[in-house]
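Q: Next one to model:
(one chain, ligands or ions: 1)
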Amino acid sequence: MRICIAYYSLTGNTETCSRNLEKLLKDMGHDITCNKVENIADVEEYDMVVIGFPVHCLNMPKKVKEFLNRIELREKPIYLFCTYALFGSA
Ligand SMILES: Cc1cc2nc3c(=O)[nH]c(=O)nc-3n(C[C@H](O)[C@H](O)[C@H](O)COP(=O)(O)O)c2cc1C
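A: Okay, here's the model as predicted:
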């Protein structure tokens, strides 16, 4: 399966999680692209999309909202994960 892991990470936690997931899915035999949301032009070529981001001020970071608004996800499975410190969830 061709899987895109798109992430936003300010201090590295979400990037580490994304890279660990990339390795896990590669070891399972999937074809993985793992990159920052700003480096992914579109997700047309993928069968599935995973989006990772940190909680910022109880919300999803603006760059991730922009990414979600600009890509076409219709009829494509997506999975979201977030990292956070202590409070709230996006
Ligand atoms: C500007 C800013 C706002 C944050 N707001 C929240 C928040 O509302 N709730 C929370 O639990 N953590 C909050 N955090 C903590 C981050 O979500 C957490 O450290 C996350 O793992 C950072 O991911 P990153 O290293 O990929 O950037 C905030 C961090 C920053 C820098």
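
Q: Point to the residue nearest the middle of this structure.
A: Ile51 (2.0 Å; C-alpha atoms, centre = their mean).

Q: Pretty sure that residue sits in a strand.
A: Yes: membership of Ile51 in a strand is supported by DSSP: H, G, I helix; E, B strand; the rest coil.

Q: how about Val43, secondary structure?
A: Secondary structure state of Val43, per three-state DSSP, is coil.

Q: which ones are touching the residue nearest to the centre of the chain?
A: When contacts are counted by C-beta atoms under 8 Å, 6 or more residues apart in numbering, Ile51 is found next to Ile5, Ala6, Tyr7, Val37, Val64, Phe67, Leu68, Ile78, Tyr79, Leu80, Phe81. Placement of C-beta: from N, CA and C, glycine included.

Q: List the ones among these that fall in helices.
A: Val64, Phe67, Leu68 (DSSP state H).

Q: Next, format those residues as CSV and append pLDDT and neighbour count.
A: As requested, the ones in helices among the contacts of Ile51 are exported to CSV (pLDDT from 0 to 100; neighbours: other C-beta atoms under 10 Å):
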residue, pLDDT, neighbour count
Val64, 98, 23
Phe67, 97, 21
Leu68, 96, 16
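
Q: Restricting to C-alpha, output stretch 13-30 in CSV.
A: What follows is stretch 13-30, C-alpha atoms only, in CSV (Å, rounded to 0.1, in the frame of the first residue of the first chain):
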residue,chain,number,x,y,z
ASN,A,13,8.3,15.2,19.0
THR,A,14,5.8,14.7,16.2
GLU,A,15,8.6,14.2,13.7
THR,A,16,10.1,11.4,15.9
CYS,A,17,6.7,9.7,16.1
SER,A,18,6.2,10.0,12.3
ARG,A,19,9.7,8.6,11.6
ASN,A,20,9.0,5.7,14.0
LEU,A,21,5.7,5.0,12.2
GLU,A,22,7.5,5.2,8.8
LYS,A,23,10.0,2.6,9.9
LEU,A,24,7.2,0.3,11.3
LEU,A,25,5.1,0.5,8.1
LYS,A,26,8.2,0.1,5.9
ASP,A,27,9.1,-3.1,7.8
MET,A,28,5.5,-4.3,7.1
GLY,A,29,6.2,-3.9,3.4
HIS,A,30,4.4,-0.7,2.6
